[in-house]
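Engineer: coordinates only, no sequence provided:
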């Protein structure tokens, strides 16, 4: 599955350095491993005792709250869209980024189409698995597709309400 | 003097709408070029208000909180002429539907809307839909606060909300600022009711999980009193709980009402409050300055003093019986002495409810300019409203409306029927609604008789999705399909009045299309024979129950 990263040159498919570990596979001593949420819960201590970075793949029904204490120990979280129209992972992303302060890579997988990118970026996703033709080019343009936003979210952009306040205050002073 | 007395777009709003048009133009191009499948394109066109109906695409234009300037209405007339067949249909969601749009024209139609600060954003799709409010807002004598201020705040917050664009199902929010609820807040996904508590503070009662459709439910109170500046944080918490836990396994069980019903309102409240405890101090708190800046835009027009006692009105009232009836049914009290709120009936006898031609729209816009500060409202009862008419001008407004065919003195009466588009247009419908409404309307056309019958709301839906709100009609009529035959199920006693909100009781087996008028006639006769002093149809029903109505109706068919 082609992987794209926000900020990479337009259209560039980036390499995926992560080893996706099956739930019954042995954990390698080093290297970047990506495990399921169930595996993480079961083998958390062993996974953290290794040398290499760890990532977790979540189903959109997995409770992200369970990872709140570990966000600084994880380097990748993959949130899944079973269908592009199933939007639960948007909430998971905002909780991970906004509430729990997760700083690592936040990847969208599954039904990931170019017309969702602007929303995904706003919720804190920064890498994307997509088979759609033209996805990489669309990603490069997505952040500027809408130059105005109305909501404060995890992307740190100033919503129109805040810009208006600032503008009024400038006018007043 | 400002050109409107409601929210005026600034460069931020305009930029966003115009960028959205550009984005949609590109999406349409990709669809026409075959780069997008219909399945992929569908949610994109839906969030831009474009449906695929039985015969053509339909564009549903958002009229936020039902407020419209004369300039905007003229533009709608223009667009209906240029891209449609010269008419439009005002809906129960305070929107306007154009029924004959071509896909390749849709981006141009949206660009034309953007010229007058309008759009079709989020009038469809599984997102937060266009926010509705009391159609008498800013003018009603009984108003505590103008709900449109909050509807506008919600409009902005919900527009392209990145987290809530792929919800389990559509999400409708309605707001009222009056004790007399004209916005039906108990039958929305979220209803907000402004009220004043014992400390004299104004805040919201937050009602959740109401709705009609195939599983009608009355909303429950989630929060008795929410301070106003906490509105968005609380809404965001509620929507997040719904987005995470609402059902997605079954389209018919995906609305928030089912979640509330299944987990119970106590659990729902606990979940929302827990989420809210985390978000309440975040960036969504509304500053006094922001609220004030938006409130100022809704500052009421400075209405010049006019007389409450107009000799010309009194003279015409005595002389013209229809005008006298019109004063009673179509004119409501205004908060300013010497003024009134006038409802133009889009339900002339025998006509499709809610339709207006381009010429009629322009005529209404002219009347608004001459007599109502250039402002109009769309009601969920599918009528148009002039919010600020001087009492002295009522005869002139009545005459002008008469020339357009919109002066029928039937607001709230038996021919002021709400009907969905039904099988004449809609791909979901099982039966026709409009012809049934037209037949009932023709049968009861006489104004004196209508006024004798008094307040009686008939609501007709062509399928179980209930766009015609049949569950809450005093008489509700639901079209069903039985082996290819259109039948109509009749229910009694529905109501959306605040504190009395109720769902109708189904009388019995559905009746054929040719019997609907006789059935309604029999129900009316039962009422007239049984009514007590001052009782409306629905009051009599509540007192005597369904049996007498049912027995007589089925005996008559």
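Structural biologist: Cool, got the structure. Given the structure is predicted, the values throughout are model-derived calculations rather than measurements.

Engineer: going forward, measure contacts and count neighbours with C-alpha atoms only.
Structural biologist: Will do.

Engineer: need the contact list for residue A:98.
Structural biologist: Contact partners of residue A:98, counting by C-alpha atoms under 8 Å, 6 or more residues apart in numbering or on different chains, are A:153, A:154.

Engineer: for it, helix, strand, or coil?
Structural biologist: Under the three-state scheme (DSSP: H, G, I helix; E, B strand; the rest coil), residue A:98 adopts helix.

Engineer: how far away is the residue nearest the centre of chain A from residue B:201?
Structural biologist: Geometric centre of chain A, nearest residue: residue A:106, 2.2 Å, by C-alpha atoms, centre = their mean. As defined by C-alpha to C-alpha, to the nearest Å, residue A:106 lies at a distance of 44 Å from residue B:201.

Engineer: for residue B:273, see how far away residue B:331 is.
Structural biologist: Using C-alpha to C-alpha, residue B:331 is found at 43 Å from residue B:273.

Engineer: on that earlier part again, gap between the strand or helix carrying the residue nearest to the centre of chain A and the chain center?
Structural biologist: Assigned by DSSP states H and E, residue A:106 falls within strand A:105-110. Put simply, strand A:105-110 sits 5 Å off its chain's centre (C-alpha atoms, centre = their mean, to the nearest Å).

Engineer: what lines up beside that strand in the sheet?
Structural biologist: Next to strand A:105-110 in the sheet, as set by DSSP bridges, lie strand A:76-81 (parallel), strand A:127-129 (parallel).

Engineer: so which of the ones you listed is nearest residue B:319?
Structural biologist: Among these, the nearest to residue B:319 by C-alpha to C-alpha is strand A:76-81 (69.0 Å).

Engineer: other residues contacting the closest one?
Structural biologist: So strand A:76-81 is contacted by A:34, A:54-60, A:87-89, A:92-93, A:104-112 (C-alpha under 8 Å, 6+ apart).

Engineer: go on, stretch B:512-532?
Structural biologist: Residues lying outside stretch B:512-532 but in contact with it, judged by C-alpha under 8 Å, 6+ apart, are B:436, B:439-440, B:443, B:453, B:486-488, B:537, B:540-541, B:548-550, B:552-554, B:556-557.

Engineer: got it, and stretch B:375-389?
Structural biologist: B:4-5, B:63, B:66-70, B:90-95, B:134-136, B:139, B:183, B:334, B:339-347, B:353-354, B:368-369, B:371-373, B:416-418.

Engineer: picking that back up, which of residue B:331 and residue B:273 has more neighbours?
Structural biologist: A count of neighbours by other C-alpha atoms under 10 Å in any protein chain shown puts residue B:331 above the other of residue B:331 and residue B:273, at 23 against 19.

Engineer: quick check: the more buried one touching residue B:342?
Structural biologist: Yes: with contact defined as C-alpha atoms under 8 Å, residue B:331 reaches residue B:342; the gap is 4.7 Å.

Engineer: near chain A, which residues of the stretch 51-200 of chain B are found?
Structural biologist: Contact residues, the stretch 51-200 of chain B versus chain A (C-alpha under 8 Å from any C-alpha of the partner chain): B:156-168.

Engineer: among those, which two are most distant?
Structural biologist: Farthest-apart pair in those is B:156 and B:168; separation 21.1 Å (C-alpha to C-alpha).

Engineer: I'd like the distance between the residue nearest the centre of chain B and chain A.
Structural biologist: The centroid of chain B falls nearest to residue B:380 when counting by C-alpha atoms, centre = their mean (2.5 Å). Here the criterion is C-alpha to the nearest C-alpha, to the nearest Å. By it, residue B:380 lies 27 Å from chain A.

Engineer: same question for residue B:238.
Structural biologist: According to C-alpha to the nearest C-alpha, residue B:238 and chain A sit 12 Å apart.

Engineer: residues near that residue, how many?
Structural biologist: With other C-alpha under 10 Å as criterion, residue B:238 counts 22.

Engineer: helix, strand, or coil at it?
Structural biologist: Going by three-state DSSP: residue B:238 is helix.

Engineer: check contacts around it.
Structural biologist: By C-alpha under 8 Å, 6+ apart, the neighbours of residue B:238 are B:272, B:275, B:276.

Engineer: try 10 Å
Structural biologist: By C-alpha atoms under 10 Å, 6 or more residues apart in numbering or on different chains, the contact set of residue B:238 is B:190, B:208, B:222, B:232, B:256, B:268, B:269, B:271, B:272, B:273, B:275, B:276.

Engineer: what does residue B:454 give?
Structural biologist: Applying C-alpha under 10 Å, 6+ apart to residue B:454 gives the contacts B:329, B:410, B:412, B:413, B:414, B:448, B:534, B:535, B:536, B:537.

Engineer: wait, residue B:110 touches residue B:25, no?
Structural biologist: Yes: using C-alpha atoms under 10 Å, residue B:110 is in contact with residue B:25, at 9.3 Å.

Engineer: from the neighbour counts alone, determine which of these two ranks first.
Structural biologist: residue B:110 (26 against 19).

Engineer: list the helices and strands the helix or strand residue B:72 falls within packs on?
Structural biologist: Here residue B:72 sits within helix B:70-83, counting by DSSP H and E. Applying 3 or more C-alpha pairs under 10 Å, 6 or more residues apart in numbering or on different chains; DSSP states H and E, we find helix B:70-83 packed against strand B:87-90, strand B:96-101, helix B:106-115, strand B:355-357, helix B:358-371, strand B:375-378.

Engineer: one more time with 7 Å
Structural biologist: helix B:358-371 (3 or more C-alpha pairs under 7 Å, 6 or more residues apart in numbering or on different chains; DSSP states H and E).

Engineer: for residue B:96, which non-adjacent residue is closest in space?
Structural biologist: Taking C-alpha to C-alpha, 6 or more residues apart in numbering or on different chains as the measure, residue B:96 lies nearest to residue B:90, with 4.5 Å between them; neighbours along the chain are not counted.

Engineer: do you know the pLDDT at that neighbour?
Structural biologist: Note on residue B:90: pLDDT of 95.

Engineer: distance of it from residue B:59?
Structural biologist: Going from residue B:90 to residue B:59 by C-alpha to C-alpha gives 12 Å.

Engineer: go on, residue B:292?
Structural biologist: Distance, residue B:292 to residue B:59, by C-alpha to C-alpha: 34 Å.
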